[in-house]
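J.: Sequence and predicted model, in that order:
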Amino acid sequence: MMVIRPIRAEDYPELYDIAVESGHGFTSLPVNDELLQRKISRSESSFAKKVLKPGDEGYLFVLEDAETGAVVGTSAIEAAVGLEDAFYHYHLGKVVHTSRALGVYNPVDILTLCNDYTGVSELCTLFLRESCRKQNNGRLLSKFRFLFIAEFRSRFSDRVIAEMRGVSDEDGHSPFWKWLQDSFFSVDFPTADYLTGIGQKVFIAELMPKYPIYVSLLSKEAQAVIGKVHEKTRPALALLQSEGFSNTGYVDIFDAGPTVEAKVEHIRSVRGSRRLQVRIGAVSGGQPYMIANTKLEDFRATWLYLQPDEDSDQLILPADYASLLQVSNGDWVRVARI
């Protein structure tokens, strides 16, 4: 059995190993002792904090193998991005060059640096070790966050985004950043990515071009990857799209990977989740559901086969899963199809 829970200080060694394993382009888990420990501390403080509206909270979760105690994945939610440090994107738009006298009408794509997503909530830090990428583990690690957001609605914005990892090679080099590097930065992609991950973003404001960039002026290699995802990120993108997320023209400033967004009220798993009261008993058959308790600091989530009655507010839950979720008869849980 697998269980989602908030990260704890003693998880640091395994979090570090995951940061190493995640590789280039995974900005939210840089291989840096101080920063990773700070992330854990910040998460613990966020879970303990009384919140009336979203602020600078960050909720970091781990996926644990309940039988071995091994941490096999991470997943996180930022309550409101860009409140402490500027949160940058490029927006892909158009300008039109036209001349009636000459009969010329040329729409041209441009990239404009912006902070349009300031204050929205963000899904981030999703990583599952390769040996555990089976059954519904990946879906649980991504989608349980919608149960958490639905249960603790006041802690999050009414809009949620997710940055998708863009195209880069095995050495972490991005064709899009290569053009920016040659033209403006003189810093390679892994270095720029690492500096951003450890919070040193001043160089972006100092060196990033201030005016819109005509896409046609970029190298053909850079143009080809705008809005495209890394091959290993395609399943994550497809899952979010099935939940109602879409790209509205925003891309990452380093690798040009797409940023997708959705209104919380339109997310399928939020809209379709139900709050039910536990009745411990035997369950046979059913459909795969993800299920979470309704506790904050002691939050737990997992998945299993269930048979919820559409006409009842009660849910029969096997005793071993009730123990895993730290719930008893009469406690409330939130469920949704996985």
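T.: Okay, I see it.
J.: Residues contacting the least confident helix or strand in the chain by mean pLDDT from elsewhere in the structure, which ones?
T.: In the chain, no helix or strand scores lower on mean pLDDT, DSSP states H and E than helix 189-197, which sits at a mean of 74. Under the criterion Cβ atoms under 8 Å, 6 or more residues apart in numbering, residues 24-25, 27-30, 32, 35, 168, 171-174, 177-178, 181, 185, 187, 201, 203-204, 254-255 lie in contact with helix 189-197. From N, CA and C alone the C-beta is placed, and that goes for glycine too.
J.: Can you turn the buried part of the residues you listed into a ChimeraX selection?
T.: Per 16 or more other Cβ atoms under 10 Å, the buried members of the contacts of helix 189-197 correspond to this ChimeraX selection:
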select :24,25,27,28,29,30,32,168,172,173,174,177,178,181,185,201,204,254,255
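J.: Take the contacts of helix 189-197 and keep only those in helices.
T.: If you go by DSSP state H, the contacts of helix 189-197 have Leu35, Trp177, Lys178, Phe203, Ile204 in helices.
J.: Now for these: which two are most distant?
T.: With Cβ to Cβ as the measure, no two of the ones in helices among the contacts of helix 189-197 lie farther apart than Leu35 and Lys178, at 26.2 Å.
J.: Could you check how far Thr125 is from Tyr289?
T.: Note on Thr125: its distance to Tyr289, by Cβ to Cβ, to the nearest Å, is 24 Å.
J.: Counting neighbours, go ahead and name the busier of the two.
T.: Using other Cβ atoms under 10 Å, the more surrounded residue of Thr125 and Tyr289 is Thr125, with 24 against 20.
J.: for the more buried one, helix, strand, or coil?
T.: Three-state assignment for Thr125 (DSSP: H, G, I helix; E, B strand; the rest coil): strand.
J.: distance of it from Ala262?
T.: Distance, Thr125 to Ala262, using Cβ to Cβ: 18 Å.
J.: so who does the residue of the chain positioned farthest from its centre touch?
T.: Farthest-out residue of the chain from its mean C-alpha position, per Cα atoms, centre = their mean: Ala101, at 49.8 Å. Shown in contact with Ala101 (Cβ under 8 Å, 6+ apart): no residues.
J.: The one 4 residues further on now?
T.: By Cβ under 8 Å, 6+ apart, the contact list for Tyr105 reads Val96, His97, Thr98.
J.: Among these, which ones are in strands?
T.: Per DSSP state E, strands hold the following members of the contacts of Tyr105: Val96, His97, Thr98.
J.: For the last one, list the residues it contacts.
T.: The contact partners of Thr98, taken as Cβ under 8 Å, 6+ apart, are Val104, Tyr105, Asn106.
J.: Next, count neighbours for His89.
T.: A total of 20 residues lie near His89 under the criterion other Cβ under 10 Å.
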